[in-house]
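**Student:** I'll drop the sequence and a predicted model, then ask my questions.
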Amino acid sequence: MKISSVKGTRDFYPPQMAVRNFIADGWKAASRRCGFEEFDGPIFEYLQMYQIKSGDEIVEQLFHLTDRGGRDLAIRPEITPTLARMVNEQINALPRPIKWFSIPRLCRAERPQKGRLREFFQWNIDIIGEESTLADAEVIFCSIDYLRSTGLTPKDVVAKISSRKLLAALLKNLGLAEDKLSVLYPILDKKAKIPAEAFTEMLGKEISDSNVIHTIMKLMDLHNADDIAGLVNLNEDAKTALAQLQDLFKTLNAMGIGEYCRFDMSIVRGLAYYTGMVFEVHDAVGDLRAVCGGGRYDNLLKDFGGPAMTAVGMGMGDCVLEILLRERGILKNDTLATKTLDYFIAVADPTLADKAVELAAKIRQAGFSCEFPYKTGALGKQLKQASGYNARKTIILGQEYIQDRQIIIKDMTTGQQQVIAEQSLSL
RNA sequence: GUGGAAGUAGCUCAGCUGGUUAGAGCAUUAGAUUGUGGUUCUAAGGGUCGGGGGUUCGAAUCCCCUCUUCCACCCCA
């Protein structure tokens, strides 16, 4: 009986695995450049861990299971709770700030669609225990630093940055109650994602004063922080938040990524737990969903039974990123080698087949990659095989070896070849 | 969870309003090529036409169900 793959999952054949590695290697390199340490946790946790922070809705999208001891478990849909758990467990021993990254494999039982599957990889970076905006800047920088390293320019991607703290202060100044804010965030988050009428309608259900709605609409369109004062009076909280944002942009400019960054009040993030800076990186031309998103969250460790400690983090999934990299021509089909060799050994005389095996083993022992043909057919065919394997050099064993113990070394890029004594092969 | 479109060789697809043994290109393997690769030429293998049921003398083609994929919603940790 033939069994197919599960809905929303991917098989990574060597060419796809090469793409996945290309992405993950870039993530790791950027993380390390910016001083993050790698961590990982188990692929499943207690179901309860994911119920703490969120309601039943999220639990419905969990792959959950019961083990033989009757424990309710869930495959991780994100790694942040695991991070919080792990950090809490050793909070007193860990030097601060804690700068960790991870590339977890995650599962969510959602309806698969463009840029979203049921199993995927997500690069996470977090800085825990650092209050200054330098930490916010570092997280944004690292995200952009990666994207920039792939060849994406400010014309391709833009980091839209705002502040929950600023937004909260402004909304309160418009006369909205504190407990109304958490209802408004998910709605405001949709500003750019749904039609204008639908957005106004949703707002109208929560806010009766049409003047307030009008002001909020204008506010959400702001891309220049200086214009805020023209719309809403700035109270102390708003001034503080604004100053922090300006501080952040100053740092981002000093870091040389100012061109990638833009203030954008419409960035809210749907999640309740953000408390400060929020940002998303978007495809500048297309209409893909966000490439990555993140922000500052102050209460997460506490929610998981730890001390109150501020943190700032970012998550970037592999699906949307891959689509973007393909659209920009950075990733093309079959351009990534699935196999490369330092040496391939070709055998021009069948009696030397054993010698090829022996030599290959020696070359491998010296730390180089090497293969030999399992069937010693025509030399042309063996060279074809060497090409297919992306061998840098091919060693040809033939008459020269039988007569004088000499081998031919052919450079597969230039096609040039030289005859040398076997002993002088430098390994 | 809702709506729309599509599933034919490993991949991209053709196959007319139902009519012999379902095709092409690419890929794979073999040969041209028993001492020189990435090009070329020749040949071969590879299909229960996504699966199940129905209509019919006859179904890849028409109808129903189901699975999967893509797109738009919902949601987004």
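**Tutor:** Good, I have the coordinates. All figures in this text were calculated on a predicted structure; none of them were measured in a lab.
**Student:** Touching, residue A:306 and residue A:83? I think so.
**Tutor:** No: using Cβ atoms under 8 Å, residue A:306 makes no contact with residue A:83, being 11.1 Å away. For every residue, glycine as well, the C-beta is placed using N, CA and C.
**Student:** higher neighbour count, these two?
**Tutor:** Counting neighbours by other Cβ atoms under 10 Å for residue A:306 and for residue A:83 shows that residue A:83 has the greater number, 24 against 16.
**Student:** Am I right that that one falls within a strand?
**Tutor:** No: under the criterion used here (DSSP: H, G, I helix; E, B strand; the rest coil), residue A:83 is helix, not part of a strand.
**Student:** Against residue A:145, how distant is it?
**Tutor:** 21 Å (Cβ to Cβ, to the nearest Å).
**Student:** C-alpha coordinates for the longest strand seen in chain A, PDB please?
**Tutor:** Determined from DSSP state E, the single longest strand within chain A is strand A:119-128. Backbone C-alpha positions of strand A:119-128 (Å, rounded to 0.1, in the frame of the first residue of the first chain) are rendered in PDB as follows:
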ATOM      1  CA  GLU A 119       5.600  22.000   9.500                       C
ATOM      2  CA  PHE A 120       8.200  24.600   9.100                       C
ATOM      3  CA  PHE A 121      11.400  26.100  10.400                       C
ATOM      4  CA  GLN A 122      11.600  29.400  12.200                       C
ATOM      5  CA  TRP A 123      14.700  31.400  13.100                       C
ATOM      6  CA  ASN A 124      14.300  33.000  16.500                       C
ATOM      7  CA  ILE A 125      16.600  35.400  18.200                       C
ATOM      8  CA  ASP A 126      16.000  36.900  21.600                       C
ATOM      9  CA  ILE A 127      17.800  39.200  24.000                       C
ATOM     10  CA  ILE A 128      16.600  38.800  27.600                       C
END
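**Student:** Show me which residues of the stretch 51-200 of chain A sit near RNA strand B.
**Tutor:** Residues of the stretch 51-200 of chain A lying near RNA strand B by Cβ under 7 Å from any atom of the strand: A:54, A:57-58, A:61-62, A:77-78, A:80, A:108, A:110-114, A:116, A:186, A:189-190, A:193-194, A:198.
**Student:** Now the buried members of those residues.
**Tutor:** A:54, A:62, A:77, A:78, A:80, A:108, A:112, A:189, A:190 (16 or more other Cβ atoms under 10 Å).
**Student:** and the residue nearest to residue A:271 when sequence neighbours are not counted, how many residues sit next to it?
**Tutor:** Setting aside the residues directly before and after it, residue A:271 is nearest to residue A:185 in space (Cβ to Cβ, 6 or more residues apart in numbering), at 7.9 Å. A count of nearby residues for residue A:185, using other Cβ under 10 Å, gives 19.
**Student:** residues in contact with residue A:185?
**Tutor:** Residue A:185 makes contact with A:164, A:268, A:269, A:270, A:271, A:272 under the criterion Cβ atoms under 8 Å, 6 or more residues apart in numbering.
**Student:** Is it located within a helix, as I assumed?
**Tutor:** Yes: if the criterion is three-state DSSP, then residue A:185 is within a helix.
**Student:** so what pLDDT did it get?
**Tutor:** We have a pLDDT of 85 for residue A:185.
**Student:** With residue A:55 instead?
**Tutor:** Among the per-residue scores, residue A:55 holds a pLDDT of 57.
**Student:** Kindly report the same for residue A:284.
**Tutor:** Looking at residue A:284, its pLDDT reads 84.
**Student:** tell me the phi and psi of the closest residue to it other than its chain neighbours?
**Tutor:** Take residue A:284 and drop its neighbours on the chain: the residue closest to it by Cβ to Cβ, 6+ apart is residue A:158, 5.0 Å away. Reported as degrees, to the nearest 10, the phi and psi values for residue A:158 are phi -140, psi 140.
**Student:** residues contacting residue A:158?
**Tutor:** Residue A:158 sits in contact with A:260, A:261, A:262, A:281, A:282, A:284, where contact means Cβ under 8 Å, 6+ apart.
**Student:** What residues are recorded as beta-bridge partners of it?
**Tutor:** In this structure, residue A:158 has the following beta-bridge partners (DSSP bridges): residue A:282.
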